[in-house]
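sequence plus predicted model, see below.
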Amino acid sequence: MSNQATGSPYAPHTPDETEAMLAAVGVDDVEDLFDIPDSVRFDGEFGIPARSERVADRAVARRLDRNDDLASFLGRGHYEHYVPSVVDHLADRQEFLTSYTQYQPEIAQGFLQALFEYQSILVELTGLPVANCSMYDAATALGEAATLADRVRDVSGSRVLVPALLRDEKRTVLENYTAGTDLTVESYPMAAANVDHDALADAVGEDVAMVYAESPTVRGTIEELLGDVGDLAADHDALFCLGTDPVAMALLEEPANVGADVVVGDAATLGLGSAYGMGLGLFATHEDYLRQVPGRLVGASEDATGRRAFTLTLQTREQHIRRERATSNICTNQAWVALRTAIHAALLGAEGLHDLAVDCVERTRTVADRLDAVSGVQAPVDDRHHFREFVARTDQPAEAIAADLRERGIAVHAPDEHEIQVCVTETNAHAVDRLVEAVREVA
Amino acid sequence: MEHDQARWTENDDRYEPLLVEKDRTAVDVEDGAAGLPDELTRDRLELPQLSEPEVARHFTRLSQMNYGVESGPFPLGSCTMKYNPSFTEDLAARPSAAVHPDRDDASVQGTLAVMHGLADYLGRIGGMDAVSLQPPAGAAGEFAGVLIARAYHEHHGDERTEIVVPDSAHGTNFASAAMAGFDVVEVPSADDGRLDLDALDAAVGAETAALMLTNPNTLGLFEREIEAAAEIVHDAGGLLYYDGANLNALLGRARPGDMGFDVMHYNVHKTFATPHGGGGPGAGPVGVSEDLAPFLPAPRVRKTDEGDYEHFEPDHSIGKVHGFQGNWLVLVKAFAYIARLGDAGLADASAKAVLNANYLASQIDYEVPFGPFHHEFVASAGDQDAADVAKRMLDYGVHPPTTKWPEIVDEALMTEPTEVENRRSLDRLADAFDAVAGEDDETLARAPERTSARRIDQVSAARDPRLSWRALEE
């Protein structure tokens, strides 16, 4: 800490040592090492004061703590499940946390095996044989799925069909990811928060490269016609991309069984919790498309002792080798979040994951029933089965209700003029009574 | 210095077993489970069912078979593997940081204050007028930057089709440009390893949307003629893109904005010490000059006259490159790191990073062409195979350099020690280089011998891809 006032606390050089090193290099002053023309030399200051760890910690903590402590019933694509403490402690081990991409697999077996376990868990959940070891988030994974469809499809076709019920944010990411292709993104209509099958059948044709559907949808409804969507896509040689998450997959029909060619979504639903939208893009697909998959893949091999060992594989797909012909530009990914997801899934096991998923249906039904009993509220709006969240109709304007709830320390969505949306998991179960009571007061 | 990595071995066939080799439990999903119709539910789910102590032991053993920055030197070129201060982890783990992205602005003033503060810091450090924190990695920052260039030209009725990239650039530059729909025009380097202005002049024209440049470049060399390069590109109506991968070389000495760059990305997991997490998450904020600010990803954060923070949509935003606001928890750590170091610490970080690279380059037996260096240098393994050199270095308790790239140097050993090594540590690193330099091919081919696993067969991994538990059982 002696160099606090003059330098980086994480650069350990003593003044004598610095002098000796400069002498060894043959310069008098460290500034002489910077081969920068005077005309572009920066001689100003950033105006950022150096702080001790204590002061810096306090400064940032005080800012963060300006966030209100609300009982959150928010979902719509970013979900919170309870993450056991041991996930933090294991994932924070420096050997995991401070390592990087496993370019030297012999010294990185631990992380490689953890990523292999992550890929394997997704294979079990999706029923598809290939899962990569991460994309950034659900939206970018969807974008990558569309460009994969563009690469692998036998016949030409440029339309990507997405549900009208899709977060705008996700759609604009998709549109950006398809910017370098001939793909165009179009919406197909929904009926009571499920795919409008007839409308989709009208929309789909030989010029469609990919059909995308979600289950659960952004309104929490479980999609009932996934098999039919899969058939429609297959009939037209289009890829069927399904958006879901690992908790939902533990209970809902296996994606491979409804004909999904690609599965995307936010895998950080397990392992991370609320992180202001930070996620983990899951990406799983068929063996046929293996060499067109974006992102990193961990495979099993053998080492010189004949023992099984793990390594990054099929790297000729990637940007550092294939450059502008790579399957994606992704390099740094979300590996550490995938580690967390694998640990969380391992802690839950088959039984725990199944039970958690069952809770997501039953809890939602119970809370919807309780809100439905409140005068001025009808829940759920959509006559469907729900997972983790649902939409309620309100006689009063929803924005006003949401604002009143916020005054009472509760956050809900207001997706439409007379609709509020409520997401319930074990993390806010303790606040459900408060929610119901508050809605009774303000609705 | 020597090193034996921990190794958990179950038998002659395998090291630490897989979770699925410890247990496999199938749960049959009952008809009518959770009150759902049978056709909506799966039939069964099969996964390991282990106790918490078993899971803890499994992942602890795996961690012991992994090498991080706190294990020892990690001079992986172009990756800036510096020490990651632990207090930043504690900040990111605060309950107040765990908020939902759809909360209204008024209830997340803390988050918005941190985002506004970090964007402000980054703007000052890079000499940029406006910054978006949304891109979740460096390559995502490049992609956003290239989309911004495209949108800017289109806004001015100018549809340009080409991005110019030097041959020494990171692979992501080429891939990001292609993803945004551009043709990539590659320019060869000059004999001194730097940009060839004549070649650049020949490559740039009316179709040039932007030049993507890393400075210092991947050889660790500062592009001294950056102003002339900027003039060539700007005169042709193109923009200058700065790849921030090597920004750790310049803190407090030079700023991309002052060199004529119009748009840049920052790799906060490199320059600002957020942990690399075994491959990510990182964050790749994108900074721009005033003219390009209206095109930044949406939303951005601003301070109101009342001193509150709020989101707003830039006028001609390219839209989004992440479903929400990017890798928020990484941004918290980067903000805390910059707040800790301040001007003096950041400037010293670059000084020591550059001193370390030059010192180490002067101490090793391998030939180190080009120079003078900034944060990294590229040595040549000469007659040895650089990949074998790297494997052998593992036995000496250090992480090896990036190998065989950039291709400008034969059998490249791209080495970036960062500022966190002291002289003693660098001397040991030099000893490792020199010991390996003196060894015969047979010894190198046998390496590594002291890591958890011995040399791994890459060819059969790719020829017969086995990517899951299921594939291993087949």
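Received it, and whenever you're ready, just let me know what you need.

pLDDT weak spots in the stretch 301-450 of chain B?
Judged by pLDDT under 70, the stretch 301-450 of chain B has no weakly predicted residues.

for chain A, give me its nearest residue in it.
The stretch 301-450 of chain B approaches chain A most closely through B:Phe324 (2.2 Å), counting by C-beta to the nearest C-beta. Using the backbone N, CA and C atoms, a C-beta is placed for each residue, glycine as well.

helix, strand or coil for that residue?
coil (DSSP: H, G, I helix; E, B strand; the rest coil).

what's the local residue count around it?
Residues near B:Phe324, counting by other C-beta atoms under 10 Å in any protein chain shown, number 27.

and it, what does it touch?
By C-beta atoms under 8 Å, 6 or more residues apart in numbering or on different chains, the contact list for B:Phe324 reads A:78, A:137, A:169, A:276-279, B:101.

between these, which is nearest B:Ala26?
B:Ala26 lies nearest to A:Gly279 out of the contacts of B:Phe324, by C-beta to C-beta, at 29.1 Å.

how near is the closest residue to the closest one other than its chain neighbours to A:Tyr10?
Of all residues not flanking A:Gly279 in the chain, A:Asp137 sits nearest, at 3.8 Å (C-beta to C-beta, 6 or more residues apart in numbering or on different chains). Distance of A:Asp137 to A:Tyr10, given as C-beta to C-beta, to the nearest Å: 30 Å.

between these two, who's got more neighbours?
A:Asp137 (33 against 20).

and the more buried one, what are its phi and psi?
Main-chain torsions, A:Asp137, degrees, to the nearest 10: phi -160, psi -180.

can you pull the contacts of the closest residue to A:Leu166 other than its chain neighbours?
Spatial nearest neighbour of A:Leu166, excluding adjacent residues (C-beta to C-beta, 6+ apart): A:Val218 at 6.7 Å. Applying C-beta under 8 Å, 6+ apart to A:Val218 gives the contacts A:76-77, A:165-167.

what does A:Gln113 give?
Applying C-beta under 8 Å, 6+ apart, the residues near A:Gln113 are A:310, B:15-16, B:18, B:62, B:65.

and the two most separated of the residues you listed?
Maximum pairwise distance in those, criterion C-beta to C-beta, is 13.3 Å, between B:Leu18 and B:Met65.

of those two, who's got more company?
Neighbour count, other C-beta under 10 Å: between B:Leu18 and B:Met65, B:Met65 has more, with 25 against 19.

how near is the more buried one to chain A?
B:Met65 sits 4 Å away from chain A, going by C-beta to the nearest C-beta, to the nearest Å.

B:Gly110 now?
4 Å.

show me what the host helix or strand of that residue is packed up against.
Assigning secondary structure by DSSP states H and E places B:Gly110 in helix B:109-126. For helix B:109-126, the packing partners by 3 or more C-beta pairs under 8 Å, 6 or more residues apart in numbering or on different chains; DSSP states H and E come out as helix A:53-64, strand B:130-132, strand B:263-266, strand B:286-288, strand B:300-303, strand B:309-312, helix B:328-363.

closest one to A:Pro415 among the ones you listed?
That would be strand B:309-312 among the helices and strands packed on helix B:109-126, by C-beta to C-beta, at 17.9 Å.

spatially nearest residue to A:Asp369, not counting backbone neighbours?
A:Ala379 (7.6 Å).

and the one you found, how many neighbours does it have?
Neighbour count of A:Ala379, defined by other C-beta under 10 Å: 24.

surely it meets A:Glu389?
No - the criterion here is C-beta atoms under 8 Å, and A:Ala379 misses it with A:Glu389 at 11.1 Å.

overlap in contacts, the two.
A:Val422.

any idea of the mean pLDDT in stretch A:400-418?
For stretch A:400-418, mean pLDDT rounds to 97.

and if you look at stretch A:204-213?
Average pLDDT, stretch A:204-213: 96.

what about it, start to end distance?
End-to-end distance for stretch A:204-213, by C-alpha to C-alpha, to the nearest Å: 13 Å.

all helices for chain A, in order.
A:15-25, A:53-64, A:85-91, A:94-97, A:109-126, A:138-152, A:168-177, A:197-203, A:226-235, A:246-249, A:319-322, A:335-372, A:398-407, A:432-442 (DSSP state H).

closest to B:Asp343 out of the ones you listed?
When those are compared by C-beta to C-beta, helix A:53-64 sits nearest B:Asp343, at 13.7 Å.

does chain B sit close to that closest one?
Yes - Helix A:53-64 is in contact with chain B by C-beta under 8 Å from any C-beta of the partner chain, via A:53, A:56-57, A:59-61, A:63-64.

can you pick the most crowded of the residues you listed?
Neighbour max across the residues of helix A:53-64 next to chain B (other C-beta under 10 Å) = A:Val60, 29 neighbours.

for that residue, which non-adjacent residue is closest in space?
Take A:Val60 and drop its neighbours on the chain: the residue closest to it by C-beta to C-beta, 6+ apart is B:Ala336, 4.7 Å away.

give me the contacts around stretch B:92-108.
By C-beta under 8 Å, 6+ apart, the residues outside stretch B:92-108 that reach it are A:61, A:64-70, A:72, A:74, A:76, A:78, A:80, A:88, A:273-277, A:406, A:411, A:413, B:91, B:110-112, B:308-311, B:324-325, B:328-330, B:332-333.

pLDDT score assigned to the residue in chain A that chain B sits nearest to?
Chain B sits closest to A:Gly277 of chain A, with a gap of 2.2 Å, by C-beta to the nearest C-beta. Predicted confidence (pLDDT) for A:Gly277: 98.

what residues are up against it?
By C-beta under 8 Å, 6+ apart, the contact list for A:Gly277 reads A:78, A:137, B:101, B:322-326, B:328.

what of B:Arg124?
Each residue near B:Arg124 by C-beta under 8 Å, 6+ apart is listed here: A:46-48.

go again using 7 Å as the cut-off
A:46-47 (C-beta atoms under 7 Å, 6 or more residues apart in numbering or on different chains).

A:Ala238 reaches A:Asp207, doesn't it?
No - assessed by C-beta atoms under 7 Å, A:Ala238 is found out of contact with A:Asp207, at 9.1 Å.

give me the more crowded residue out of these two.
Higher neighbour count among A:Ala238 and A:Asp207: A:Ala238, with 25 against 13, using other C-beta under 10 Å.
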